[in-house]
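Novice: sequence and predicted structure are below.
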Amino acid sequence: MAEHTVKAFDEDITRLRGLIAEMGGLAEVSINEALDALVRGDEVLADQIVARDKKIDALEMEVDKLAVRVIALRAPMADDLREVIAALKIAGVVERIGDYSKNIARRVGEIQDRKRFEPLTLLPAMGELAGEMVHDVLTAYAARDPELAREVIAADAKVDAFYDSIFRNLVSYMVENPATISSAAQLLFVARNIERIGDHATNVAEMVHFAATGTYPPDHDD
Amino acid sequence: MDDRQQHPIAGSLIALATALALILLGFDALVALGMLVIWIGSLYLISSRPPQASPPARAGIISRENMGELIEHSATPLLVLDRGRIAIANRAAQKMLGKHVVGQDARMAFRQPEAVKLLGRKGNGAAIVRGLVRRRDIWRINRQKVDGDLSVIELISLTAEADISRAHTDFVANASHELRTPLASIIGYVETLRDDNLDPATTRKFLDTTLRETYRLQSLVSDLMSLSRVEAEKHDQPTEIIDLAPVVERAARDAAGSERASRMKFEIRQPLRIQGDMPQIEQLVRNLVDNALKYGEAGTPVTIELAAAKDGQASLTVSDQGEGIAADHLPHLTRRFYRTDPGRSRASGGTGLGLAIVKHIVERHRGRLDIQSELGKGTSVVVRIPTAPNEPDELS
C-alpha cells in the first residue's frame, strides 16, 4: 500500500491492522486450547480460555474506537476507506469466533465419563480444520492476499461436511446409548460451534478479499 | 590554487599552429581566431579538476540503510522494529514471514499472544511461540533494544531441537523394549526353575533357553555400547593407516566361526590401505559377514570381495544368496531396531543394531554404504572407503 502524505494516517492504519492481528492471534490460540481442554477435561485451561475472551472483547472495543476516530478525523477515501470498514467488520467477526471458543470451553465441565466416550475423538480433527482456516485467513489479511482468502473460503466445505458426518454419528450414538444423551448433546453444540467458526472465517476471508480488491469473491453466495 | 590548475601548454601550441596554418591557407582570420578561442577554451575546461566531493559527514554511524545491509544475508531471520513497526526484515525473515511484513505493525507478523506480550513489554526479552508459520513449529523470539525506538528481533527455530529430543526419547523407549524382552523370558524361566519338582530334561532345556537369552542380552548391550562409541567419535576421522586385506579376512573368519567358515569365498586381489580404526573396521566386517551368513540360504556361499574402485576408493562387497530384501525396506535398513521380519531376526539372535553400527562406522571413515538386493536372489552390501595416500615408508 502506498504511503500517505499524512504520516499519522499511516500510523493509524498500521495500528488498526496490528490490533486485528492481535485479536486473531488470541482467537486462534483459544480454538486450539478449547479442543485440548475438551478432550482432556482440563477445566483450569477452560477457565483461562473464558478469561481470554475478555481480552478479545476489549481489543474489539479498541478497534471500534480507533476506526471511528480515523473515519471522523481523516475522512479516508477509496481503498483506505475499504481498509477501515473491513477492519471494523473483521473485528466484529473475530470477536464472535472468540465467543464460540469460549462456548466450547464452557462445556468442558458438562461432559461426563469422558474416558469411554468415543464421539469425543471425532471433534479435534474438525477443530484443527477450523483452526487452520482462522490461521490462514489471518495470514491472508496480513499479506492482503486475495488468493489465500479464496482458499479459505473453499476449505469451509470440508468443515461443513465434517459437521454433517459428526452430527449423524452423534445422533446414532445417542440412539444406541441413551445414558450418554446429555453429554452427547453437549458435543453436538460443540460441533455446531466449530462449524460456525468455519463460517465466520469464511466471512473474514470475504472481507479480506474485499479490502484487497474492492470486489467480493466470485462465488459469494450467502 | 595554482598547483591544482594545470596549463595545457602543448595543446595550446598545437591550436595556435593550426590557426596560423588556416590563415596561411587563406581562411578568414576571424574564423581562425574563433576556432582558436574555442579550442583553447575547451582545453582549459577539460584540464580543470572536477569539484571535490565533500567527505561523508557521519562516517562510523550506522544508518538504517546499512543496518539493513548488515543483517540482510544472515541465515537467521532478523527484523528491526521501529517502535511497533517492522522497519527492516532480512531475507531469511521475509522468506519465513512473507514479504508483506515490512512496514506493517509487528503484531501482523507475530500475532501469537506470547509474542504480542513480548512486543508490548519494555526492554529486552524472549518468548517461545508455537505455530508461528506452520502448525507444529516452535520458535524462540529474542528481542534486543538498540536505542529508544529501535529493537532487533531474532527468530530461532526450536523445531529441529524438539524433533531430536523426540528421536532420542523414541530411541530410549525402543532400546528399553528390546532389553526387556530377553529379560522377561529369563525371569520367567528362572522362576519356573526354582520349582523343585522339575525333571532333569526340562531343567536342562530351561537352562539352555535362559543361557541363550542371556547371551542375547549381552550382545544387545555390547552393540548399544559400540553404537554409542562410534556415534561419539563420529566427527574425528581415524588416523591409523591399516591394510584392509588381512583385517577383512581375519574379521570375516572370526564372524563365521568354525562351522560356517566353509561357506565363505574370498576375492581379495590386492593390498589396500586406508586411514581407519582397526577395531571398528573389524566390527564392520563382522556385522556384514554375520548378516550375510544368517540371511543367505543355508549352505550357499557368501562372497567377500575387496577391490580398488575407480576414484581412489577401496570397495568391500559382501554378497549372499538368499531371499533378498523388498525394495520398500531398503531405505530403512540402517535405522536402529528396524527389522524386515522381527520374528526371524530375534530368533536368529539379531539385535537390530548391526547395520546402524555399520552405517556409523562407514560415515566416520568418510565412506559410502550401498545396499542392493533382489528378491529371490540375494543381497549385496557395498562399502566404499577412500584409500590412504601412498606413503610406502610408513607401512613397515
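Specialist: That came in fine, so what should we check first?
Novice: switch to C-alpha atoms for all contacts and neighbour counts from now on
Specialist: Will do.
Novice: per-residue pLDDT, A:Asp99?
Specialist: On pLDDT, A:Asp99 comes in at 92.
Novice: which other helices and strands contact the host helix or strand of it?
Specialist: Assigned by DSSP states H and E, A:Asp99 falls within helix A:78-106. The contact analysis (3 or more C-alpha pairs under 8 Å, 6 or more residues apart in numbering or on different chains; DSSP states H and E) places helix A:78-106 against helix A:7-40, helix A:43-74, helix A:181-213.
Novice: in a markdown table, list those helices along with mean pLDDT and mean neighbour count.
Specialist: Listed next are the helices and strands packed on helix A:78-106 as a markdown table, based on pLDDT from 0 to 100; neighbours: other C-alpha atoms under 10 Å in any protein chain shown:
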| stretch | mean pLDDT | mean neighbour count |
| --- | --- | --- |
| helix A:7-40 | 87 | 22 |
| helix A:43-74 | 89 | 18 |
| helix A:181-213 | 89 | 23 |
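Novice: roughly how far apart are the closest residue to A:Met23 other than its chain neighbours and chain B?
Specialist: Closest residue to A:Met23 in three dimensions, ignoring its sequence neighbours and counting by C-alpha to C-alpha, 6 or more residues apart in numbering or on different chains: A:Ile56, at 5.6 Å. Here the criterion is C-alpha to the nearest C-alpha, to the nearest Å. By it, A:Ile56 lies 11 Å from chain B.
Novice: isn't A:Ile56 right next to A:Leu26, touching?
Specialist: Yes - shown here, A:Ile56 and A:Leu26 form a contact pair, counting by C-alpha atoms under 8 Å, at 7.0 Å.
Novice: mind listing the shared neighbours of these two?
Specialist: A:Gly98 (C-alpha atoms under 8 Å, 6 or more residues apart in numbering or on different chains).
Novice: and the host helix or strand of B:Ala160, what does it pack onto?
Specialist: Counting by DSSP H and E, the element that carries B:Ala160 is helix B:159-193. Applying 3+ C-alpha pairs under 8 Å, 6+ apart, one finds that helix B:159-193 contacts helix B:200-232.
Novice: what mean pLDDT does the helix or strand just after the helix it packs on have?
Specialist: With elements assigned by DSSP H and E, the helix or strand that comes after helix B:200-232 is strand B:241-243. Across strand B:241-243, pLDDT averages out at 88.
Novice: what's in contact with strand B:241-243?
Specialist: Strand B:241-243 has contacts (C-alpha under 8 Å, 6+ apart) with B:Pro271, B:Leu272, B:Arg273, B:Ile274, B:Gln275, B:Gly276, B:Asp277, B:Met278, B:Ala388, B:Leu395.
Novice: try stretch B:302-322
Specialist: B:245, B:263-270, B:272, B:274, B:288-289, B:292-293, B:295-297, B:300-301, B:376-387.
Novice: from those residues, which land in strands?
Specialist: Mapping the contacts of stretch B:302-322 onto strands (DSSP state E) picks out B:264-268, B:274, B:378-386.
Novice: of the residues you listed - the most surrounded one?
Specialist: Most neighbours among these, by other C-alpha atoms under 10 Å in any protein chain shown: B:Ile385, with 25 neighbours.
Novice: what's near enough to touch it?
Specialist: Applying C-alpha under 8 Å, 6+ apart to B:Ile385 gives the contacts B:Ile274, B:Gln313, B:Ala314, B:Ser315, B:Val362, B:His365, B:Arg366, B:Gly367, B:Arg368.
Novice: spatially, which residue comes closest to the residue nearest the centre of chain A, not counting chain neighbours?
Specialist: Centroid-nearest residue in chain A: A:Ile97, 3.5 Å away (criterion: C-alpha atoms, centre = their mean). Nearest residue to A:Ile97, sequence neighbours excluded (C-alpha to C-alpha, 6+ apart): A:Ile197, at 5.5 Å.
Novice: contacting residues for that neighbour?
Specialist: Each residue near A:Ile197 by C-alpha under 8 Å, 6+ apart is listed here: A:Ile97, A:Tyr100, A:Ala130.
Novice: quick check: the gap between the residue in chain A that chain B sits nearest to and A:Glu83.
Specialist: Per C-alpha to the nearest C-alpha, A:Gly25 is where chain A lies closest to chain B, at 4.5 Å. As judged by C-alpha to C-alpha, to the nearest Å, A:Gly25 and A:Glu83 stand 19 Å apart.
Novice: figure out which of the helices and strands packed on helix A:78-106 is closest to B:Arg143.
Specialist: helix A:7-40 (18.0 Å; C-alpha to C-alpha).
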